[in-house]
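Peer 1: I would like the atomic coordinates for the input below:
(chains A, B, C and D)
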Protein chains: 2
Amino acid sequence: MYLQALREIQSEGVSVVSSEEFGQRVDASAAQFRKDLSYIGELGRPGVGYDVAALILRIAEILGLTQPHPLVLVGAGRLGAALCSYPGFAEQGFRIAAVFDNDPTKMGRRLGENVIRDIADLPRVNAALGCRMGIVAVPGCVARDVVQAMVEAGIGWILNFAPVAVGAPKGATIRQVDLTHQLEVLSYYMTVAKHGTDPEA
Amino acid sequence: MYLQALREIQSEGVSVVSSEEFGQRVDASAAQFRKDLSYIGELGRPGVGYDVAALILRIAEILGLTQPHPLVLVGAGRLGAALCSYPGFAEQGFRIAAVFDNDPTKMGRRLGENVIRDIADLPRVNAALGCRMGIVAVPGCVARDVVQAMVEAGIGWILNFAPVAVGAPKGATIRQVDLTHQLEVLSYYMTVAKHGTDPEA
DNA sequence: GTATGTGAATTTCTTCACAGCA
DNA sequence: TGCTGTGAAGAAATTCACATAC
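Peer 2: From the prediction side, this is the model:
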């Protein structure tokens, strides 16, 4: 979150920011920001503030974002297509290196810069590519099998967009992205606001 | 999160679940689950467990999900198209009631069950529809203007997929969905694991 | 016997407030 | 003066452990 905010601040041409200014921006307290940063080193200059560029570098380093990550995408449906062209990925150093699907009519067609390949070829192709991270954008009913196949192909860090919670196989890390989840939170706020409670989010 | 897990459990035909079983399933402690539920009433039966169906109803009620929510979608690009056909939305009672874009070549074309309309017509159309919730799936550069227009059209609860943090105008609630965010978390876990720390997520 | 609901204990997170440095 | 970094204080979340109910 800090990284994203810092990038925006940087794109506005600001090169130094105080914890107070930053806190207002991301809706956190200045003390919280300073405390968080204190765990990763002394990065600010008393009386001045924090160097935005240096902070971005440091956080990117901690998150392992200093070099690009090649990704495997499984699922060339609408969601897969949207993710392929999502500009944020490339900006943050995530490059989709291969796309797989199980639909024979899709194989050979292009999705962005990639040709859609047969999911059965995943082990062979990834033996060459060596991707460690992947995205699952398939229907819920096949998500579990896809995850299993990815882990066996050496892809142990997985982002799952399928609307089922897939347990992580041994040695793998899965993050579940549930798009309805956020709508449910909105629905809750709306309900609370309607009943006369503080509408502040 | 509980709601999603409970729905999955229900779809497996289980009608009663203990806090211990549930906790293992969602990777939370049994005590956590019981404590959380204790805040919304006495929903379990000592010696037996929790009735899955009753729990789902209760949580859905709290989240305001007992009746469907009509949504406005702004942005008929790839992401918008993917969201339109995302099966999870309809399952949870979120129905996309209208689609808008600013690209004249798209207007009049269909996206799922909806015809793509001119964003300029948003105020008029929503005066008739009365949607209170909306989704932003437009490029970052126009996200702020789109949000402003939505709020003026009475859409005060907004889910923003554009990769810029848009501050909420007065009286509005915005939730930011950053798809790269989750990849960054994965990248971090990967980095930590590589350096020999506990690879457990 | 089994599993809940909940005060109490514990741990974690956040804020305060101020010494120290530019 | 202005702002950081950080112990101490305070608040919040989590876990423990057990009386209670089925």
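Peer 1: ok, and the closest non-adjacent residue to A:L183?
Peer 2: With sequence-adjacent residues excluded and distances taken as Cβ to Cβ, 6 or more residues apart in numbering or on different chains, A:L183 is closest to B:F94, at 5.3 Å. C-beta coordinates here come from the backbone N, C-alpha and C atoms, glycine included.
Peer 1: Just grab the bridge partners of that neighbour for me.
Peer 2: Beta-bridge partners of B:F94, counted by DSSP bridges, are B:H69.
Peer 1: list the contacts for A:A128?
Peer 2: Under the criterion of Cβ atoms under 8 Å, 6 or more residues apart in numbering or on different chains, A:A128 has no contact partners.
Peer 1: And A:R78, by the same measure?
Peer 2: By Cβ under 8 Å, 6+ apart, the contact list for A:R78 reads B:R78, B:A81, B:A82, B:S85.
Peer 1: Give me the nearest residue to it, chain neighbours excluded.
Peer 2: The shortest distance from A:R78 to any residue other than its chain neighbours is 4.0 Å, reached at B:A82 (Cβ to Cβ, 6+ apart).
Peer 1: What of A:S19?
Peer 2: The shortest distance from A:S19 to any residue that is not its chain neighbour, by Cβ to Cβ, 6+ apart, is 4.1 Å, and that residue is A:A30.
Peer 1: Which residues are in contact with the one you found?
Peer 2: A:A30 makes contacts with A:S18, A:S19, A:E20, A:F22, A:G23, as judged by Cβ under 8 Å, 6+ apart.
Peer 1: tell me the pLDDT at it?
Peer 2: The confidence metric pLDDT takes the value 97 at A:A30.
Peer 1: Mind listing what's buried along the helix or strand containing A:M150?
Peer 2: In this structure, A:M150 sits in helix A:140-152 according to DSSP states H and E. Of all the residues in helix A:140-152, those buried under the rule 16 or more other Cβ atoms under 10 Å in any protein chain shown are A:G140, A:V142, A:A143, A:R144, A:V146, A:V147, A:A149, A:M150, A:V151.
Peer 1: Can you list the strands that the helix or strand following that helix pairs with?
Peer 2: Moving toward the C-terminus from helix A:140-152, the first helix or strand encountered (DSSP H and E) is strand A:157-160. Take DSSP bridges as the rule and strand A:157-160 pairs in its sheet with strand A:133-136 (parallel), strand A:173-176 (parallel).
Peer 1: By mean pLDDT, which helix or strand of chain A comes out lowest?
Peer 2: helix A:87-91 (a mean of 89; mean pLDDT, DSSP states H and E).
Peer 1: For the residue nearest to A:L183, give its distance to A:G77.
Peer 2: Counting by Cβ to Cβ, to the nearest Å, the gap from B:F94 to A:G77 is 19 Å.
Peer 1: Can you classify the closest residue to A:R109 other than its chain neighbours as helix, strand or coil?
Peer 2: Using Cβ to Cβ, 6+ apart and skipping residues adjacent in sequence, the residue nearest A:R109 is A:I116, 5.4 Å away. With DSSP: H, G, I helix; E, B strand; the rest coil as the basis, A:I116 sits in strand.
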